[in-house]
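Asks: what follows is a predicted protein model with its sequence.
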Amino acid sequence: MTNHRRTLRQHGKDGFTLIEALTALGIFLMIVVPLFAMAFRNTQTGHARDLFVSACLLEQESALVQAAPEAWVPSKLRTVNGIRWTILCTTSGDELREYRISTQKAGVRVGEIALLVNVGQAVGGLR
């Protein structure tokens, strides 16, 4: 085998053996795979955090609408942990009013709730 290697090197065909290539690949994968796993985990955690913050904001706004339905505001800006959130509220109907409250982060809708309010009582559901 050493004669074969010498012959290859003499003709300018240097290369890596299979063992060297597999070792290099193994070292590369030991470094890259944990980095990808960490990035994927951070992405999932961020999305779950956004859903939680959105649910909390929707709960707060729906409580305000139920307490004082005539004092609703069509748009609000809130900052939570340094991140700006937009809360939009639309209404329709007279005696039985439908309130749609949605939360947006960076212009992307994260959550929405619909409430039906009649004389201060709310009937509705999350979507």
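Replies: Yep, that arrived. Numbers count the residues shown, from 1 in each chain.

Asks: which one's the longest helix in the chain?
Replies: helix 18-67 (DSSP state H).

Asks: that helix: how far from the chain's middle?
Replies: 8 Å (C-alpha atoms, centre = their mean, to the nearest Å).

Asks: what's around Gln60, how many residues?
Replies: By other C-beta atoms under 10 Å, the residues close to Gln60 number 13. Where you see a C-beta, it was placed from the backbone N, CA and C, and this is true even at glycine.

Asks: now do the one 5 residues further on
Replies: Taking other C-beta under 10 Å as the criterion, the count of residues near Val65 is 23.

Asks: is it true that it touches Lys76?
Replies: No - in this structure, Val65 is not within contact of Lys76 by C-beta atoms under 8 Å, at 11.8 Å.

Asks: quick one: mean pLDDT over the longest helix of the chain.
Replies: For helix 18-67, mean pLDDT rounds to 89.

Asks: so which elements touch that helix?
Replies: Where contact means 3 or more C-beta pairs under 8 Å, 6 or more residues apart in numbering; DSSP states H and E, helix 18-67 is packed against strand 75-80, strand 83-92, strand 97-105, strand 108-118, strand 121-126.

Asks: report the inter-axis angle for it versus strand 83-92.
Replies: 40 degrees (axes from the mean of the first three to the mean of the last three C-alpha atoms, to 10 degrees).

Asks: determine how far stretch 97-112 lies from the middle of the whole chain.
Replies: On C-alpha atoms, centre = their mean, the centre of stretch 97-112 falls 15 Å from that of its chain.

Asks: next, the distance between the ends of it.
Replies: From its first residue to its last, stretch 97-112 covers 16 Å (C-alpha to C-alpha, to the nearest Å).

Asks: quick check: mean pLDDT of it?
Replies: On average, stretch 97-112 scores 93.

Asks: what do you get for stretch 117-127?
Replies: 55.

Asks: how about stretch 72-80?
Replies: The predicted model assigns stretch 72-80 a mean pLDDT of 90.

Asks: which residues sit against that stretch?
Replies: Contact with stretch 72-80 is made by 53, 57, 61, 64-65, 84-91, 99, as judged by C-beta atoms under 8 Å, 6 or more residues apart in numbering.
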